[in-house]
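Chemist: Build me a model:
(3 chains)
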Amino acid sequence: MAKAQNASQKKFGKGRASMIEIRMHGRGGQGAVIAAKILASAIFKEGKFAQSFPSFGVERRGAPVLAFTRVDDSPIRLRTAIYEPDHIIVLDPTLIRQTKVFSGLKRGGTVLVNTSTPASQFDFPEEYFGAVVDAADIAVNHGLGTKSIPIVNTAILGAFAKFTGLVGIEAVVEAIEEGVPVKREENAAAAMDAYESLNVTAEEMAHTAVSGD
Amino acid sequence: MGDYRYTTVEEMPPLAFSLESTRNIPTGSWRHVRPVYVEKSSPCQIACPAGENIPAYFELVRQKKYREAWYKILEDNPLPGVTGRVCYHPCEGKCNRSPYDEPVAVHVIERFIADKNFREGKFPSVTASPKSAKVAVVGSGPAGLSCAYQLARKGYRTVIYEGEHDPGGMLRYGIPSYRLPKNVLAKEINDIASLGVQIRTDSRIGGNVPWSELEKYDAVFVAVGASQSSGLGIDGEKLTGVYSGVDLLHQLNTGGSPKIGSGVVVIGGGNTAIDAARSAVRLGKEVTVLYRRTRDEMPAVPDEVNEALREGVRFEFLVSPVKIKGRQRKVTEVDLIRMKLGEPDESGRRRPLPIEGSNFEITADTVVAAVGETPDLSFLPYSFLKKGARIFVDADYLTGVPGIFAGGDSATNPNGTVVNAIKAGKEAAASIDEFLGWRTKSNGAEHQLVKPEDINTFYFPHETRIKVPRLSVGPGTRSFAEVNKSITEERAFQEAERCFSCGSCLHCDVCMTFCPDVAISKDDQGEYIIDYDHCKGCGICVNECPREAMDLVEEDTQWA
Amino acid sequence: MGMKGKNGTSAEAAGLLHPSTDKVVVIEGTHSASYAVKLARVQVVAAYPITPQTGVVEKLSDIVSAGDLDAKFIKVESEHSAMACCIGASMTGARAFTATSSQGLALMHELLHWAAGSRLPIVMVNVNRAMAPPWSIYVDHNDSLSQRDTGWLQFYAESNQEVMDTVLQAYKIAEMVSLPVMINLDAFVLSHTSEPVAIPKQQVVNEFLPPRSAPFKLDIHNPRAFGALIGPEAYMEMRYKLDAAMEDARAAIRDVDTEYGKLFGRSYGGLVEEYRTDEAEIVLVTSATAVSIARIAVDELRSLGFPVGLAKVRAFRPFPVDEIRMLGQRIGKIGVLDRNFSFGASGIIYQETKAALYNALVRPKLFGFVAGLGGRDITPETIKEIFSYMMNHDGPELEAVWVGLKTHKVNEAQNTFADSAEGQQK
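Modeler: Here you go, the predicted structure:
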């Protein structure tokens, strides 16, 4: 009962301002900052304005890091930190325990997590749309990193494109090919794979949440 | 970590001063590699056949804990007074200090420790509980003594059968007293006997004691050594005045005075040849050593060769005897041929080849043949498997006969060195222990070897190697007194200080001092603790460790 | 990449697309500076790394090593040496560049005097970072404003595009007046933020910025002494001439900005850009990225009917005295938002603004505000608090109101617009 009520209160992409803010959680060395920048490039390719920046500060391999992308239809003058993002991307599932990944996330916002754990076993707060993708597996299959340290930053962008529909996969692939320093084709292919592997979109979930149950 | 933070300007201190200890900031999460303390192997320890923990007893010498240092050696070798004097010390050849300045004088320190404990040192008693099984050891040379000692320490009742009148084998009968004084040997044999090892001398298995005597034992270790001199295989060997090196030394070491003439020719390049030559000098003779290769290929310990030269022994290299000539059955001349070196043989040394037509003759009244020794295995009743002239044993020193083990010169030790015999005794004892149903031998964890470039030589000033004080001996010395003298405590300390202690933590605090995160501390026992909540894995401690006793290992990641 | 087709409309609207544009790329502020240096055909780069500047010279070292810029890249052991290299290079007639930040700039201090006194048109990018201690790597402007008396021109940029455009303008201005120029950009807010930047075509830049021609230079065929000892009989005159050059720089800045606008389609108002000051009664003077934020707040307040406006101090040296006085004649209340502080006095731009107005015939009420030190976020809410304060006060009560200061005391600057700002996104 409560769940149905909650679910019906959240709407994906409804009533939001033209500015959209995305926060990416990763660890130093995972490429979250590059991913945020590639995402900005991809979005700019589609004719919108975009800005990306890291969590301002000191970064080190393994330490939790944040990276942000801000999107708007007009030039972006806002240069503040992002406090209430619309979308969250989590590159390392262990961060969910260690950091407040949902902090400030707007009701009806999306959460995309790289994990091998099935979505059904993930305890997403009800007010958000959550999805998982095994970006690590996809990355390793494309020779990106090792099983213990996969490079998941490009694969997850493909999944993000599918899940949120915020940006087309073509623009993502193009931006990856321009934006990664090595293994361009592998990174692009990983994003494509992740895009195709995700069989759910936030839009569909919102539809189900409203009409179903 | 406290959640408390300053919230207002009024609360804040006037400067950036943290309210709580910085220990509350667990920066360890930044780490992707972690430093760990690891015990690594020094090259000396690996090179020592007996496996002595050399860095450990050097550290004990530095701490002036001579008793503990002695005990540390005794774990692997019951005869440090012997090996400190006569070992060819392969440890020093591998010393990481060599490329830096000069190798550490390990054997000098080993002897110092033995000397230091010569009078007052109390030999460690057996701590293992007694076992009912009995083991016989045939032969009281270094292999037999080592095996009996290790077995006794494990609680076995052990009996040594020795055919000679006194125990020690080649240590007693093959090594002259100017190198190894008899009282040193006797003391260390007494120490071994003090553990309850029975040494039955004048008890020759296959002679006055039948082989069947051994059947009442649960296991037997055969270590009869190699006392038969190999012949030269040339005409004239039977002439009066021709001795074998082993026989000559045996006579000297049993108080005899062999009748040798004034012109002595020793044939051979091994330690027996050098011992025979130097002994002959002490009998007042002119001595020439003939060797068919060059000095570089001589199996004798180089120091001994130097001593021989100092004492007036002459050397002729690249010559080989063809025939010993005599008149009235007595030696008069030796016919020789010049040699040259050809391709390397199976020993890796270049094969000597005669040069046609280069024959020449020298006069001599005594010829000592010291070209190798083989074991006398005539006492063995069964058809033991052989390998060449020696008993065949497997990797566990087991012969083809169940319960009968063999080692040392009679089986495993063709080079005939004392320390290899000690190794064989020690390892055979472990095999016997396992055979008798006790502890499975541990193969010992494979420790990483420390290489010269691993040492942080910044911490080690250049120091010259100790010069061992020597008895002033010159050409024609007649003294059988020990040539190399003992060293003082001060000099021992100085030499011990030169040891890098490769791979062993000495608690020098360098890691602790250099840690920029103050993440290393010491516990009540003085052991280091790394606080992984604060260690960022920078590796400075590992880099800075003077002696490679730390490693950086990959941190487990759970990013998948 | 990207300038054709899909993003054409919005990029064009933003002034990114122009016949002079080679391509539009999404890059961070440090790299925007690097590409400008490349376009300026700089011949000597000397630098020492420091966060958050490092990206500038890191990218330049890539560009130089790839052969895309025929320059000597000199690695040095300190910022002091970096500036010394630039001075030496510039004396030979070469176009020289360095970049630094914060403590690095402070270490250069002695040589900043040297560069200006030697009348060398060196261009430097300084990424504004707070001075330590307490250690901070985040933005404020005390590092560069501490260097205000060294004889360097100073610009403050609002966007990555302005970084690019100002570096190109700076070489032209510097070489016109023979003075060094420092271009400042906010740590992280620009330096590490990627956004679309139009990169001009090389040939248009070449037209705008011809090769340097140095009137006096080190020449082994005609050896002269530079910066030698000078007696009291001439030192004052040298100083006078330096200030005269700084005065000349005012016109040079305006002219170059105008010319740049014609060639590249983007200009920045010379020394000061006014934003929505028509019929304004209260104007906020500020600089750097705070301007970008303030534009949002001004738009919002204007939409609610409040008569507020904005003036962006783009050039701090020479200080835009005339521009400030003109503003003061029209506007009754002016506030200055400083992201810096001169201890024992007030915000530095506030001081300078006040000094500029003192001898003016008409003087507005002048308020001083301090915010955003050490990277504290300046948000549209911060700006609204400041306007709110000015609306609720007839005149200043303090030389500096510290906005957002965490204190037990009731904060002087409260946002009276909070309730009236209906429909605002919270």
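Chemist: what residue lies at the spatial centre of chain A?
Modeler: Against the mean C-alpha coordinate of chain A, by C-alpha atoms, centre = their mean, the closest residue is residue A:89 at 3.3 Å.
Chemist: same for the host helix or strand of that residue, what does it pack against?
Modeler: Using DSSP states H and E, residue A:89 maps to strand A:87-90. Strand A:87-90 makes packing contacts with strand A:20-27, strand A:110-114, helix A:153-164 when contacts are defined by 3 or more C-beta pairs under 8 Å, 6 or more residues apart in numbering or on different chains; DSSP states H and E. For every residue, glycine as well, the C-beta is placed using N, CA and C.
Chemist: Figure out which of these is closest to residue B:78.
Modeler: Nearest to residue B:78 among the helices and strands packed on strand A:87-90 is strand A:20-27; the distance by C-beta to C-beta comes to 57.1 Å.
Chemist: Show me which residues of the stretch 401-550 of chain B sit near chain A.
Modeler: Within the stretch 401-550 of chain B, the positions lying close to chain A (C-beta under 8 Å from any C-beta of the partner chain) are residue B:536.
Chemist: Helices along the stretch 401-550 of chain B, start to end?
Modeler: Secondary structure of the stretch 401-550 of chain B (DSSP state H, counting those that start in this stretch): helices located at B:418-435, B:489-497, B:510-514, B:540-544.
Chemist: Which positions in the second one come out as buried?
Modeler: With burial defined by 16 or more other C-beta atoms under 10 Å in any protein chain shown, the residues of helix B:489-497 counted as buried are B:491-493, B:495-496.
Chemist: from those, which is closest to chain A?
Modeler: Chain A lies nearest to residue B:496 out of the buried residues of helix B:489-497, by C-beta to the nearest C-beta, at 42.6 Å.
Chemist: ok now do the closest one, which residues does it touch?
Modeler: Contact analysis of residue B:496 by C-beta atoms under 8 Å, 6 or more residues apart in numbering or on different chains lists B:58-59, B:61-62, B:109.
Chemist: Let me know whether residue B:361 touches residue B:337 as I believe.
Modeler: No: judged on C-beta atoms under 8 Å, residue B:361 makes no contact with residue B:337 at a distance of 10.4 Å.
Chemist: Look at these two and report which has more neighbours.
Modeler: Between residue B:361 and residue B:337, counted using other C-beta atoms under 10 Å in any protein chain shown, the more crowded position is residue B:337 (18 against 13).
Chemist: Shouldn't that one be within a helix?
Modeler: No: assessed with DSSP: H, G, I helix; E, B strand; the rest coil, residue B:337 is strand; it does not lie in a helix.
Chemist: I'd like the distance between it and residue B:353.
Modeler: If you measure residue B:337 against residue B:353 using C-beta to C-beta, to the nearest Å, the figure is 10 Å.
Chemist: One more: residue B:496?
Modeler: Counting by C-beta to C-beta - residue B:496 and residue B:353 are separated by 47 Å.
Chemist: quick revisit: could you dump the buried residues of helix B:489-497 into TSV and include pLDDT?
Modeler: Compiled in TSV, these are given as follows (pLDDT from 0 to 100):
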residue	pLDDT
B:491	94
B:492	94
B:493	95
B:495	96
B:496	96
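Chemist: for the helices of the stretch 401-550 of chain B, which one ends up most surrounded?
Modeler: Counting by mean count of other C-beta atoms under 10 Å in any protein chain shown, helix B:418-435 has the highest mean neighbour count of the helices of the stretch 401-550 of chain B, with a mean of 26.
Chemist: Helix or strand: which one has whatever residue of the stretch 251-400 of chain B ends up closest to chain A?
Modeler: Per C-beta to the nearest C-beta, residue B:395 is where the stretch 251-400 of chain B lies closest to chain A, at 38.6 Å. Counting by DSSP H and E, there is no helix or strand that carries residue B:395.
Chemist: Enumerate every residue touching the spatially most central residue of chain B.
Modeler: With distances taken as C-alpha atoms, centre = their mean, the residue of chain B nearest its centroid is residue B:419 (4.0 Å). When contacts are counted by C-beta under 8 Å, 6+ apart, residue B:419 touches B:48-50, B:77, B:83, B:87-88, B:90, B:142.
Chemist: Please narrow those residues to those residing in helices.
Modeler: Per DSSP state H, helices hold the following members of the contacts of residue B:419: B:83, B:90, B:142.
Chemist: overlap between those residues and the residues near chain C?
Modeler: Checked against chain C using C-beta under 8 Å from any C-beta, the ones in helices among the contacts of residue B:419 give no members in range.
Chemist: what about residue 116, neighbour count?
Modeler: All of this is about chain A. Per other C-beta under 10 Å, the neighbour tally for residue A:116 reads 12.
Chemist: switch to chain B, that's the one I care about
Modeler: For residue B:116, using other C-beta under 10 Å, the count is 20.
Chemist: about what we covered before: and the helices of the stretch 401-550 of chain B: which comes nearest residue A:137?
Modeler: Nearest of the helices of the stretch 401-550 of chain B to residue A:137, taken as C-beta to C-beta: helix B:540-544 at 34.2 Å.
Chemist: And the nearest residue to residue C:361 once chain neighbours are set aside, how far from chain B?
Modeler: Spatial nearest neighbour of residue C:361, chain neighbours left out: residue C:329 (7.8 Å); criterion: C-beta to C-beta, 6 or more residues apart in numbering or on different chains. To chain B, residue C:329 is 38 Å away according to C-beta to the nearest C-beta, to the nearest Å.
Chemist: Can you list the strands that the host helix or strand of residue A:131 pairs with?
Modeler: Here residue A:131, judged by DSSP H and E, is contained in strand A:129-133. Strand pairing for strand A:129-133, determined by DSSP bridges: strand A:110-114 (parallel).
Chemist: what's the angle between the partner strand and strand A:20-27?
Modeler: Angle, strand A:110-114 to strand A:20-27, by axes from the mean of the first three to the mean of the last three C-alpha atoms, to 10 degrees: 20 degrees.
Chemist: Now do strand A:110-114, average pLDDT.
Modeler: Strand A:110-114 carries an average pLDDT of 95.
Chemist: Compute the inter-axis angle for it and helix A:153-164.
Modeler: Angle of strand A:110-114 versus helix A:153-164, following the same axes, to 10 degrees, is 150 degrees.
Chemist: Which pair of the contacts of residue B:496 spans the longest distance?
Modeler: B:59 and B:109 (11.1 Å).
Chemist: chain center to the helix or strand residue C:384 falls within, what's the gap?
Modeler: Element membership for residue C:384 (DSSP H and E) is helix C:380-392. Centroid displacement of helix C:380-392 relative to its chain, using C-alpha atoms, centre = their mean, to the nearest Å, is 24 Å.
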